[in-house]
Each structure stands twice: as C-alpha cells, then as structure tokens.
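[1] Give me coordinates for this.
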Amino acid sequence: MHISLNQDILQRVFGYDSYRGPQQNIVDHISAGGDALVLMPTGGGKSLCYQIPALTRQQAGGGTTLVISPLIALMHDQVGALHELGVEAAFLNSSLDGEAAAAVERRLLKGELTLLYAAPERVTTPRFLAQLDSLAERGLLSLFAIDEAHCVSQWGHDFRPEYRALTILHERFPGVPRIALTATADALTREDILERLQLQGARQFISSFDRPNIRYTIVEKKDGLAQLLRFIEREHPGDAGIVYCQTRKRVEDVARALCEAGLSALPYHAGLEPAVRQDNQDRFLREEGLVMVATIAFGMGIDKPDVRFVAHLDMPKNIEGYYQETGRAGRDGAAANAWMAYGLQDVVNQRRMIDESPAGEGFKQVMRGKLDALLALAEATDCRRVRLLAYFGETYVQTSGAEGPSGQNAPVLVAACGNCDNCLHPPTVRDGTELARKLLSCIYRVQQASGVSFGAGHIMDVLRGKASDKVAAYGHACLSTFGIARDASESELRAVLRQLIAIGAVAVDGQAFNTLQLTEGSRAVLRGEVGVQLRQAVAAPLSGKTRRRSALPSVAAANLDADAQIRYIKLKAWRAEVASQHNLPAYVIFHDATLAAIAERAPQNLEALGGISGLGAKKLQAYGAEVLRVVAC
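    Now for the predicted structure:
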C-alpha cells in the first residue's frame with residue numbers, strides 16, 4: 001500500500017512521473033517504518049526522501065514528521081515550497097515572535113501539521129519534548145528527519161555540539177523511525193553519525209558523490225582578486241555565483257572590489273547586522289545575476305538552483321568543506337564551475353589554526369590529515385574528479401557507449417573525467433626531486449647552524465643566495481646550501497615546498513611563527529626514494545571574445561526556438577510577480593526547467609499543462625489558468 005501511495009503522492013503532489021537515483025528505495029524504506037542514513041549530493045533531491053514518507057505515513061494515520069535543521073533560510077524556503085504544493089507545514093525558529101510560535105505549537109498539538117521544521121536547540125528543550133510526548137501518546141508522531149546530519153560528528157566539516165543531544169529522540173521515542181541525511185561525509189564521519197545518533201541498525205543509502213555537471217579548476221594564487229575578476233568576466237558575466245573567503249574583512253574588501261569592477265556583489269558574514277545579513281541573503285535568493293561574497297557562514301541549506309559558479313579565494317579546511325561548498329553550484333543539473341585559487345600562505349594559515357586550536361592532539365592529527373588530502377588534491381597533476389571521489393571511497397565510473405548484457409550502456413573504470421582543468425588542459429610535469437632535496441637540506445643546515453627553525457621566506461633567501469639582513473645576522477651566507485638554487489625562481493621553490501608539505505616531508509609549526517620542520521618523511525626524499533613532481537599549469541585558451549550576458553540568463557532556455565524563448569521570457573516575468581507577492585524565491589513557484597518545458601510545448605489546456613514535470617495538482621489548480629493565459633499572449 002505504501003509503495004502505490006508513494007507513487008501517487010510523487011505524481012499528484014510533486015508533479016513528477018519518476019524518482020531520481022535511489023530516491024524510490026529510500027522513500028519506500030522510510031514509509032514502511034525503517035531507519036536510514038542517506039548520503040546524497042547537493043541537488044540530488046534529499047528533501048523528497050522524507051517529504052513523501054511524511055505524507056504517506058500521515059495519510060496512514062501516523063501524524064506529524066519533525067524535520068530537524070540548523071538553517072532558518074532552508075526552513076523558510078522549504079515550508080514556503082510545501083505550502084505551494086498544498087502541504088500543511090510550518091517552522092519554529094527565532095524568526096517567529098511569541099504569538100506566531102504559540103500558534104504553530106497549537107496546530108502541532110492538534111495534529112494539523114504534516115511537517116514541522118525546528119532547530120536542534122529547540123527540539124531538545126524539556127518544553128518541546130513534552131509536546132512530542134503528547135503527540136506520541138496519541139499516535140501523532142510519525143517520523144524524525146535529521147538534516148545536515150554531519151553536524152553531529154566531530155570529524156564533520158561543520159560540527160555543532162547541540163546535535164549530540166539528539167540521541168534523546170531515539171531513547172525517548174524508540175518506536176518512531178528516523179532518517180539522517182547529509183551531502184558530505186567520509187567513512188570516519190559516517191561511522192560517527194551512526195554511533196552518535198544510535199543508528200547502527202539503520203539501512204545506509206550512499207549515492208555517488210559525483211556531480212558531473214561541475215567543472216573543477218584549481219589555480220596557483222598569484223593575485224587572487226585579479227584572477228577572480230578575470231574568471232568571472234571571461235566565464236560568468238551576469239551569472240549568479242558565490243565567492244568564499246576566510247575572513248570577514250576579506251569578504252568586505254572583495255565584495256567592494258567586485259562592485260567597483262561593475263559586478264553586482266553583496267557581502268555576507270556573521271559580523272553584519274542581522275537585518276543586513278538577512279536582506280542580502282534574500283536578495284541573492286530572489287534576484288538574478290548576483291554574486292555573494294561570504295565566509296562559510298553562508299550557503300548550507302541554500303536551495304538556489306541556478307548558481308553557475310562557486311569560487312574559493314582562500315583554501316577551505318578540508319575536502320568535505322570544499323565539496324559541500326562547491327556543491328552549491330549547478331543544483332539544476334546544468335553546467336557550472338568550481339574555481340579555487342590557493343597558495344602556500346593558505347596552507348600555513350590553515351595549519352596554524354589547527355595547531356593553535358584547544359582540541360586534543362588526536363583530533364588535531366585527523367584535521368591535519370584532512371588538510372593534507374585537500375592540498376594533495378590542489379597539487380594533483382591527474383584528474384581532480386577521480387581524486388575527489390576517491391577521498392570519499394568511490395571509484396570513478398563512466399558509462400561507455402557499448403551495450404552490456406542487459407542492453408544498457410556498460411560502466412567502465414576511467415582515470416579521467418574530461419571536465420576538470422587537469423583533464424582539459426593537462427599541466428606540464430617535470431621532476432623536481434633534486435630541487436626538493438636542496439630545500440630539505442637547507443632547512444636542516446640553517447636549523448643546525450642556529451639552533452632554531454625558520455620560515456619559508458628565509459629558507460628561500462638562503463637557497464637563492466639572497467643577502468638579506470636576516471641572512472647576514474645569522475651568518476647563513478657561509479652555509480653550504482647558500483645559493484645552491486640560484487637558478488630557481490621563488491615561484492618554483494614555493495611549488496616544491498607545497499609538494500613537500502602535501503606528501504608530509506615538511507611540517508609547518510603554527511605555534512612557532514610558521515617555521516618549517518623536517519619530518520620522518522623527509523628522509524625518503526633526501527635519499528631519492530620518493531620523487532617530487534612539479535606541475536606547470538597551462539592556461540586555458542580563450543574562446544574569442546568575452547562571453548556576453550544573454551537576454552536569457554537561464555541555461556534551461558538555451559535550446560528553445562525564437563517563439564518559445566519569447567514565451568519563456570513572459571513566463572519568467574509572470575513568475576517574478578507571483579514570487580514577489582508570496583515573498584518567496586522564484587524557483588519555489590516553478591523551476592526554470594519547468595518554465596522552459598511549458599514554453600517549448602505551449603500547452604493549450606489544463607490537461608496538456610498537467611503533463612509537464614514539476615506541476616502537481618495544487619500548482620495546476622492555483623496557477624494553471626494564469627500560465628495558459630501567459631502562453632497564449
């Protein structure tokens with residue numbers, strides 16, 4: 001019964017004929033009362049995995065589904081989207097005043113809500129738990145959906161201690177099924193999630209981490225801001241994008257610089273006045289072509305589908321953070337770019353933050369390992385996607401053109417994706433082992449001569465035979481390593497040093513003025529047992545003139561003929577008015593892909609309109625006549 005009801009809800013409420021990927025198996029399992037851990041990439045449709053079971057279980061007499069999320073923006077948009085579908089949903093968070101919150105609680109206790117969104121801090125309060133007790137006693141507590149489940153793990157990229165208290169849900173309501181969902185978790189984080197949430201017996205659904213529509217590009221940082229401007233102007237003029245920076249000041253500076261360059265850019269960080277921060281976020285969600293410059297405080301739970309690029313001007317802490325943040329690009333499945341500029345100072349800064357943190361040494365060691373993995377990805381000369389997926393324990397598989405035994409295209413293991421900078425423009429690689437040995441020898445000699453360690457700048461001065469004041473003061477011009485790398489540029493030496501840090505042959509002591517230290521791994525390089533390869537990036541050729549902003553910024557309409565494009569423009573204008581009236585982002589009313597399909601088919605009646613994906617019964621009833629009018633104009 002559940003399975004047929006699930007399919008009916010998928011079509012009637014959400015307007016889709018079929019599921020994507022593993023959605024159907026997850027929905028059927030949860031609807032039947034099973035527990036689950038779901039790992040699905042951003043844009044993969046995680047919310048449907050608990051929204052359909054919520055409706056199914058309620059119709060079977062199960063009551064309300066509680067969705068636990070730390071994100072006010074996500075709560076607001078998802079509840080708004082559910083209202084558009086005719087689903088009774090609400091949220092409880094700090095944006096509500098006392099009267100509004102009390103009204104939601106009354107509806108909850110009456111059993112009127114299908115889904116309620118709340119933050120973990122509220123869920124674990126005695127008052128709220130008592131309300132859940134009341135629902136459970138009457139059989140009106142249907143399901144717990146724990147979103148952003150990586151927040152429960154100390155190994156996750158966004159650990160939040162308040163998530164640890166959610167174990168009380170299983171202890172207090174053992175008969176209520178639970179689904180934990182996240183887009184990013186390596187094996188260590190997954191184990192922690194299962195243990196902390198007591199989901200050891202849950203079925204695990206782990207989707208591919210691959211986002212084939214995202215192109216990964218990582219460049220050496222020289223003049224980061226200038227490089228960013230060139231990237232946006234050449235690749236994404238007029239497109240919506242997110243630029244991540246490490247500090248609040250850098251966010252402000254970069255946003256100001258982008259505006260001065262003629263781009264529409266806004267800052268976002270925790271230091272802004274709450275009203276300003278919220279207004280900037282709302283504008284980004286509702287307007288087209290805006291660039292948000294932000295710290296990592298921005299983005300998690302942002303469902304904007306048409307973000308065409310995510311850029312990092314500073315290196316993130318780990319691959320999980322990088323993957324999560326880049327995943328906010330191209331949620332609509334259309335082509336998008338993940339671009340990052342990084343340098344030696346990024347590595348030094350991140351290591352210093354780890355070393356100076358009050359955490360235990362075991363935790364620090366894991367964090368150093370995660371940073372090393374990201375650095376190795378940045379320094380890689382082979383396929384970025386293959387390495388990225390390998391970090392999450394996944395072997396990159398591509399579908400070949402040949403048919404397998406079942407008549408479908410057979411999957412094949414490949415070593416290149418064809419959609420990252422290293423695949424599209426392979427870097428020149430040369431042997432840097434000898435230069436690496438010189439650098440390690442220099443670190444050893446200066447430390448032996450002076451009894452103290454030194455930073456990268458001084459080591460490079462000695463190697464290149466530069467008579468600086470510090471070189472003179474310590475007498476390092478007399479060392480055998482003074483000037484032994486005169487022919488090497490500072491850029492080359494920094495590249496060698498990054499590689500040595502990446503393979504663990506050099507450590508950076510963040511507590512001692514970022515000085516360089518030899519490690520056990522240094523011996524293998526000095527003996528010639530481990531080689532160092534240097535990459536020389538090849539600039540991507542420019543394809544003629546800079547791409548101009550199209551009158552149709554959405555890629556969904558790229559293949560429409562002239563008449564259909566006119567209809568699409570009219571439909572977007574109509575949608576913008578409706579979204580403004582409802583105080584919702586435009587994509588909550590209809591996605592671009594749905595508007596493009598309407599524009600292409602030009603339906604003449606409600607029956608024809610109802611056959612288009614993304615148009616459920618409630619939306620057809622609410623907007624059908626108006627859509628037909630716009631199409632006919």
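[2] low-confidence ranges in the stretch 301-450 of the chain?
    Applying pLDDT under 70 to the stretch 301-450 of the chain flags the ranges 301, 398-414.
[3] Which residue ranges of it form strands?
    Assigned by DSSP state E, counting those that start in this stretch, the strands in the stretch 301-450 of the chain fall at 307-312, 336-342, 397-403, 409-413, 428-431.
[4] Now do the second one against strand 307-312, angle only.
    What it means is strand 336-342. Here the directions of strand 336-342 and strand 307-312 differ by 10 degrees (axes from the mean of the first three to the mean of the last three CA atoms, to 10 degrees).
[5] In its sheet, which strands sit next to strand 336-342, and in what direction?
    strand 214-220 (parallel), strand 307-312 (parallel) (DSSP bridges).
[6] got the contact list for stretch 489-505?
    220, 343-344, 347, 372, 375-376, 378-379, 432, 435-436, 439-440, 456, 460, 463-464, 485, 506-508, 516, 518-519, 521-522, 524-525, 530, 532-535 (CB atoms under 8 Å, 6 or more residues apart in numbering). In short, each C-beta sits where N, CA and C put it, glycine included.
[7] any idea which helix or strand comes after the longest helix along the chain?
    Secondary structure assigned by DSSP state H gives helix 562-582 as the longest helix of the chain. Under the assignment DSSP states H and E, the closest C-terminal helix or strand after helix 562-582 is helix 586-589.
[8] Quick check: mean pLDDT of that next one?
    Averaged across helix 586-589, pLDDT comes to 88.
[9] Check the offset of the helix or strand following that helix from the chain's centre.
    Remark: after helix 586-589, the chain's next helix or strand is helix 592-601, criterion DSSP H and E. Its chain's average C-alpha position is 27 Å from that of helix 592-601, according to CA atoms, centre = their mean, to the nearest Å.
[10] swap in stretch 21-29?
    That offset, for stretch 21-29, works out to 23 Å (CA atoms, centre = their mean).
[11] can you list the residues that contact that stretch?
    Under CB under 8 Å, 6+ apart, the answer for stretch 21-29 is 2-3, 6, 10, 19, 36, 38, 40, 44-45, 48-49, 52-53, 56, 179, 203, 205, 207-208.
[12] so where's this protein uncertain?
    Looking at the chain by pLDDT under 70, you get 1-3, 155-157, 297-301, 398-414, 510-513, 536-558.
[13] what about 50?
    Across the chain, the ranges flagged by pLDDT under 50 are 1, 400-410, 542-553.
[14] coming back round to it: what packs against the longest helix of the chain?
    helix 586-589, helix 592-601, helix 617-632 (3 or more CB pairs under 8 Å, 6 or more residues apart in numbering; DSSP states H and E).
[15] Which secondary structure state does L135 sit in?
    Three-state call for L135 (DSSP: H, G, I helix; E, B strand; the rest coil): helix.
[16] Now it: closest residue in space that isn't a chain neighbour?
    With sequence-adjacent residues excluded and distances taken as CB to CB, 6 or more residues apart in numbering, L135 is closest to L141, at 4.3 Å.
[17] Phi first, then psi, for the one you found.
    Dihedral pair for L141: phi -120, psi 110, per degrees, to the nearest 10.
[18] next one: the one 4 residues further on
    With angles defined as degrees, to the nearest 10, A145 shows backbone torsions of phi -110, psi 120.
[19] Whichever of the contacts of stretch 21-29 end up buried, select them in PyMOL.
    To isolate the buried members of the contacts of stretch 21-29 in PyMOL, using 16 or more other CB atoms under 10 Å:
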select buried, resi 2+6+10+19+36+38+40+44+45+48+49+52+53+56+179+205+207+208
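[20] what about the strands in the stretch 51-200 of the chain?
    64-68, 89-92, 115-118, 141-146, 178-182.
[21] Please name every helix or strand in contact with the last one.
    Here strand 178-182 is seen to pack against strand 36-39, helix 48-59, strand 141-146 when contacts are counted using 3+ CB pairs under 8 Å, 6+ apart.
[22] tell me how far it is from the chain's mean position?
    From the chain centre to the centre of strand 178-182 is a distance of 17 Å (CA atoms, centre = their mean).
[23] now could you export just the CA positions of that strand as PDB?
    Extracted C-alpha coordinates of strand 178-182, given in PDB (Å, rounded to 0.1, in the frame of the first residue of the first chain):
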ATOM      1  CA  ARG A 178      14.500   8.200  11.900                       C
ATOM      2  CA  ILE A 179      16.200   9.300   8.700                       C
ATOM      3  CA  ALA A 180      19.500  11.100   8.900                       C
ATOM      4  CA  LEU A 181      20.600  13.000   5.800                       C
ATOM      5  CA  THR A 182      23.800  14.700   4.600                       C
END
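[24] who touches that strand?
    26, 30, 35-40, 46, 49-50, 53, 143-150, 152, 156, 169-170, 193, 197, 199, 202.
[25] Y244 is in contact with K317, isn't it?
    No. Assessed by CB atoms under 8 Å, Y244 is found out of contact with K317, at 11.4 Å.
[26] Counting neighbours, go ahead and name the busier of these two.
    Y244 (27 against 18; other CB atoms under 10 Å).
[27] burial of the nearest residue to that one once chain neighbours are set aside, as a residue count?
    Excluding its sequence neighbours, the residue lying closest to Y244 (CB to CB, 6+ apart) is H312, at 5.0 Å. Neighbour count for H312, taken as other CB under 10 Å: 25.
[28] my guess is H312 meets Y322, correct?
    Yes. Between H312 and Y322 there is a contact under CB under 8 Å: 7.2 Å.
[29] what residues are shared contacts of those two?
    M340.
[30] So what touches the longest helix of the chain?
    Outside helix 562-582, the residues touching it (CB under 8 Å, 6+ apart) are 80, 84, 286, 551-552, 554, 557, 560, 585-586, 588-590, 592, 595-596, 598-600, 602, 623, 626-627, 630-631, 633.
[31] Quick check: the gap between the closest residue to Y50 other than its chain neighbours and E99.
    Once flanking residues are discounted, Y50 sits nearest to A145: 3.9 Å by CB to CB, 6+ apart. The gap separating A145 from E99 is 27 Å, by CB to CB, to the nearest Å.
[32] How about R106?
    Counting by CB to CB, the gap from R106 to E99 is 11 Å.
[33] Looking at these two now, which is surrounded by more residues?
    A count of neighbours by other CB under 10 Å puts R106 above the other of R106 and E99, at 10 against 7.
[34] In contact with that one, which residues are there?
    If you count contacts by CB under 8 Å, 6+ apart, then R106 has nothing around it.
[35] In space, what's closest to the residue nearest the centre of the chain - neighbours in sequence excluded?
    Taking CA atoms, centre = their mean, the centroid of the chain lies closest to Q324, which sits 2.2 Å from it. Closest residue in space to Q324, ignoring its immediate chain neighbours: T184 at 4.5 Å, by CB to CB, 6+ apart.
[36] Most distant residue from the centre of the protein?
    C478 (50.8 Å).
[37] list the contacts for the closest residue to S47 other than its chain neighbours?
    Nearest residue to S47 in three dimensions, chain neighbours excluded: Q78, at 6.3 Å (CB to CB, 6+ apart). The contact partners of Q78, by CB under 8 Å, 6+ apart, come to 47, 67, 89, 117, 303.
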